[in-house]
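1. Structure here, sequence nowhere to be found:
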């Protein structure tokens, strides 16, 4: 079975450019989470969706960040404009909402903003 | 509010030695508890989870963890560490009324031959 798929795996861009990260959750999962991991702040939850609806975006750092989930099999995290402090590894995770269901993580996208 | 503390940032053990990674949580009721492992350049993989029942939980790769309510702890153990266990380990807590997990800061395990 395919796990959570993220693309690209690596992204290098220049400050001010728009960056779009993509995620395909596990088929049948109805919750999707975006995390950011840095050495300084560890693993932070940015936003999560249930049934394609954003439930909690309190972790989104600022208006430069936006996330969408147009359907059950695709989500994007966009940063516009990007800044060097956005450099991090961004993970997507999905789960089948309900009791006792763990989150399954994708391999992550390593973003470097120069 | 929920929180997770992993007091050990970095642990080094010899291959074949036993291992215990500490995790303490703060939550008003019985939480859901998880241990995840992250190998370099990879995403997080679930090792084991606790929801209720037997307080000693068995996981993959020979790991186990014990939930101790009186100590608010969920320590991860392995009787004999292999070189391939070198990775970062994260403890996480989830509340029963939310989908979110709160992760600890992680413990990096180094294994010497």
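-> Yep, that arrived. Small disclaimer: the values here were computed from a predicted structure and weren't measured. Residues are numbered from 1 along each chain as shown, chains lettered A, B, ... in the order given.
2. Up against chain B, what does chain A have?
-> Within chain A, the positions near chain B by C-beta under 8 Å from any C-beta of the partner chain are A:4, A:31, A:42-43, A:45, A:48, A:50, A:55-56, A:91, A:93, A:95, A:97, A:99-100, A:102-108. Heads up, the C-betas are built off the backbone N, CA and C, glycines and all.
3. let's go with 10 Å and repeat that
-> A:3-4, A:6, A:9, A:31, A:33, A:35, A:37, A:41-45, A:48-50, A:55-56, A:58-59, A:89, A:91-93, A:95, A:97-108, A:110 (C-beta under 10 Å from any C-beta of the partner chain).
4. Bridge partners for residue A:104, pull those for me.
-> Applying DSSP bridges to residue A:104 gives these bridge partners: residue A:94.
5. doesn't residue B:44 make contact with it?
-> Yes. The criterion here is C-beta atoms under 10 Å, and residue A:104 meets it with residue B:44 at 8.9 Å.
6. Need the residues touching each of these two.
-> Shared contacts of residue A:104 and residue B:44 (C-beta atoms under 10 Å, 6 or more residues apart in numbering or on different chains): residue A:93.
7. Between the two, which has more neighbouring residues?
-> A direct count of neighbours by other C-beta atoms under 10 Å in any protein chain shown for residue A:104 and residue B:44 places residue B:44 higher, at 30 against 20.
8. Can you tell me which residue sits nearest the middle of the chain?
-> No chain was given, so I picked chain A. Taking C-alpha atoms, centre = their mean as the criterion, residue A:34 is the residue nearest the geometric centre of chain A, at 3.2 Å.
9. could you do chain B instead?
-> Using C-alpha atoms, centre = their mean, the most central residue of chain B is residue B:35, at 3.6 Å.
10. among the residues of chain A next to chain B, which ones are buried?
-> A:4, A:6, A:31, A:33, A:35, A:37, A:43, A:45, A:48-49, A:56, A:59, A:89, A:91-93, A:95, A:101-108, A:110 (16 or more other C-beta atoms under 10 Å in any protein chain shown).
11. and the residue of chain B found nearest chain A, what pLDDT?
-> Nearest to chain A, among the residues of chain B, is residue B:43, at 3.7 Å (C-beta to the nearest C-beta). With respect to pLDDT, residue B:43 has a value of 91.
12. Contact partners for it?
-> Contacts for residue B:43 (C-beta under 10 Å, 6+ apart) come out as A:3-4, A:6, A:35, A:37, A:89, A:91-93, A:104-108, B:36.
13. Report the spatially closest residue to it, excluding sequence-adjacent ones.
-> residue A:105 (3.7 Å; C-beta to C-beta, 6 or more residues apart in numbering or on different chains).
14. same deal with residue A:25?
-> residue A:94 is the one closest to residue A:25 (C-beta to C-beta, 6+ apart), at 3.4 Å.
15. tell me, how many neighbours does the one you found end up with?
-> Every residue meeting other C-beta under 10 Å relative to residue A:94 is counted, giving 27.
16. Also residue B:106?
-> Count around residue B:106 with other C-beta under 10 Å applied: 23.
17. What of the one 3 residues further on?
-> Neighbourhood size, residue B:109 [other C-beta under 10 Å]: 21.
18. Check residue A:23 too.
-> 25.
19. in its sheet, what does the host helix or strand of it sit against?
-> Per DSSP states H and E: residue A:23 is located in strand A:19-24. Strand pairing for strand A:19-24, determined by DSSP bridges: strand A:5-7 (antiparallel), strand A:74-79 (antiparallel).
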